[in-house]
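[1] Curious how this folds, go ahead:
(chains A, B, C and D)
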Number of protein chains: 2
Amino acid sequence: MTAAPADDVTPERQRDAERTRAEILDAATEEFASRGYAGGRVDEIAAKTRTTKRMIYYYFGSKQGLYLAVLERAYAGIRRLEQELDVDHLDPARAMRALAELTFDHHQSHPAFIRLVSIENIHHAEHLRTSPILPTLAAPAVDVLSGILDRGRAAGLFRDDADALDVHMIISSFCVFRTANRYTFEAIFGRDMLDADRSAHHRRMIGDLVLEYLTAHVGRA
Amino acid sequence: MTAAPADDVTPERQRDAERTRAEILDAATEEFASRGYAGGRVDEIAAKTRTTKRMIYYYFGSKQGLYLAVLERAYAGIRRLEQELDVDHLDPARAMRALAELTFDHHQSHPAFIRLVSIENIHHAEHLRTSPILPTLAAPAVDVLSGILDRGRAAGLFRDDADALDVHMIISSFCVFRTANRYTFEAIFGRDMLDADRSAHHRRMIGDLVLEYLTAHVGRA
DNA sequence: GGCTTAATGTACTGGATAGTTAGTTGTAGC
DNA sequence: GCTACAACTAACTATCCAGTACATTAAGCC
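    Okay, here's the model as predicted:
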């Protein structure tokens, strides 16, 4: 990436565009995810970095530009995971469970991503819709899922009328809800979603749920 | 409510505290639900009513007080619905489906409520947690659900290890997701969740999903 | 070692916006 | 028809905050 001299490494470089950008993105992710777009403060983001507000405008142009960069980087994470998931060596049922658990694990360990998606929906996806990465987001999720469904149907294991996006929705809704609505759920029902035992239980549960749905009334139109 | 004269009704009363309050709450619900708490503008809310900003402070004290009043009124709607739902005359499976469909219909027809819940979660439920109505929110949902589960288990129809809050979560997550994440879902996958055919399909689906879960491996510990 | 450009810092501005001050008017009760 | 209070209005202020003008410094290049 950076062309650093091989033998005389300065331990703290004073100018490093790459690192400054990344530091700003990290701070901005935290700020926007925890306060929303309108609630997020550019001054606050700058204060969390080792640089100044001027740099944010230098690299990202505007508050909106920064927010969009944050959003795009967050989406890139789950997209990469889905692309890297190799389930061809697993039977359809196990493959489906692996996909559900991948989603479960990602969403649980990336609350900032989930919160950013919530925030983006509050804004009617107006930022995401303008993003150049938008067209690359659908395929990874849908392709893996369609492949598993096709194999399952061919083997006579899964129902014929299951739709890939519906299955994606079942998995996403469950995994997103646990993280996205964690706070109101805990306030109302007094149950912490992130309790380790409960997490393990829910992780099994989403796999069960999807497989029960897919194997119900097999062969029916 | 208001002591209006019986025979000489003035068509447009110039002073009506009740109506002014309600008008402010309506406008504020729309504003906060569509722009978030920090993004919502008190001046904008005032402009949408037939009164002035001063009245908002007169009745609700602060922006936060207004927001909390909006949130409480929104929760009151679903709580009332759940309380009024009478499923004792239905067999457990039909009762469960009726509850799922009630939730589905409410969430689909009250997007502002769903958005407010999302917004409240962005804010770590800090407003809801201070609300005096908080203790009244859990019981209606849980009681109806527990009743149905008990009857289903007693009849040997439902699995023994099903937990009321888990079932609530399955139903809520699905119904909330469709509305809450509608915009990013449409942007990414090009599918409108509110299409009439798809809605009917999903409405059946959430009932199926819950019943398949509850009737799977019946009798197993 | 000077030239060029990318990277960085300081200090400011102007518009937006939550909240207030100081008043006015309608209406119920007598 | 007067009084007291609730309901209401208009105009203001103090602060916050996104974005900028301008100066400066490090580093690659020859």
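
[2] Could you pull out the helices in chain A for me?
    Shown for chain A, the helices assigned by DSSP state H span residues A:17-39, A:42-48, A:53-60, A:63-84, A:92-109, A:111-122, A:138-154, A:164-180, A:182-189, A:196-215.

[3] what about the closest residue to residue A:90 other than its chain neighbours, how many residues close to it?
    Once flanking residues are discounted, residue A:90 sits nearest to residue A:98: 6.1 Å by CB to CB, 6 or more residues apart in numbering or on different chains. (Each C-beta comes from the backbone N, C-alpha and C, glycine too.) Each residue near residue A:98 was counted by other CB atoms under 10 Å in any protein chain shown, and the total is 17.

[4] again with the one 3 residues further on
    If you count neighbours by other CB under 10 Å, residue A:101 ends up with 16.

[5] what's the distance between the closest residue to it other than its chain neighbours and residue A:105?
    Counting by CB to CB, 6+ apart, residue A:203 is the residue found nearest to residue A:101 once chain neighbours are left out, at 6.0 Å. Distance of residue A:203 to residue A:105, given as CB to CB, to the nearest Å: 8 Å.

[6] Which of the two has more residues huddled nearby?
    Using other CB under 10 Å as the criterion, residue A:203 and residue A:105 rank with residue A:203 on top: 18 against 14.

[7] So the more buried one sits against residue A:106, correct?
    No. Here residue A:203 lies out of contact with residue A:106, judged by CB atoms under 8 Å, at a distance of 11.9 Å.

[8] Show me the shaky parts of chain A.
    Low-confidence regions of chain A, defined by pLDDT under 70, span residues A:1-16, A:218-221.

[9] Could you list the buried residues of stretch A:148-158?
    Across stretch A:148-158, burial judged by 16 or more other CB atoms under 10 Å in any protein chain shown covers A:148-149, A:151-153, A:157-158.

[10] C-alpha coordinates for that stretch, PDB please?
    Output in PDB follows, covering the C-alpha atoms of stretch A:148-158 (Å, rounded to 0.1, in the frame of the first residue of the first chain):
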ATOM      1  CA  ILE A 148     -28.800 -23.500  -2.100                       C
ATOM      2  CA  LEU A 149     -32.500 -23.400  -2.900                       C
ATOM      3  CA  ASP A 150     -32.000 -24.900  -6.300                       C
ATOM      4  CA  ARG A 151     -30.000 -27.700  -5.000                       C
ATOM      5  CA  GLY A 152     -32.500 -28.300  -2.200                       C
ATOM      6  CA  ARG A 153     -35.400 -28.400  -4.600                       C
ATOM      7  CA  ALA A 154     -33.600 -30.700  -7.000                       C
ATOM      8  CA  ALA A 155     -32.900 -33.100  -4.100                       C
ATOM      9  CA  GLY A 156     -36.600 -33.000  -3.200                       C
ATOM     10  CA  LEU A 157     -35.800 -31.600   0.200                       C
ATOM     11  CA  PHE A 158     -37.200 -28.100  -0.100                       C
END
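
[11] Checking it against chain B, do any of its residues make contact.
    No. With CB under 8 Å from any CB of the partner chain as the threshold, stretch A:148-158 lies outside contact range of chain B, at a closest distance of 13.3 Å.
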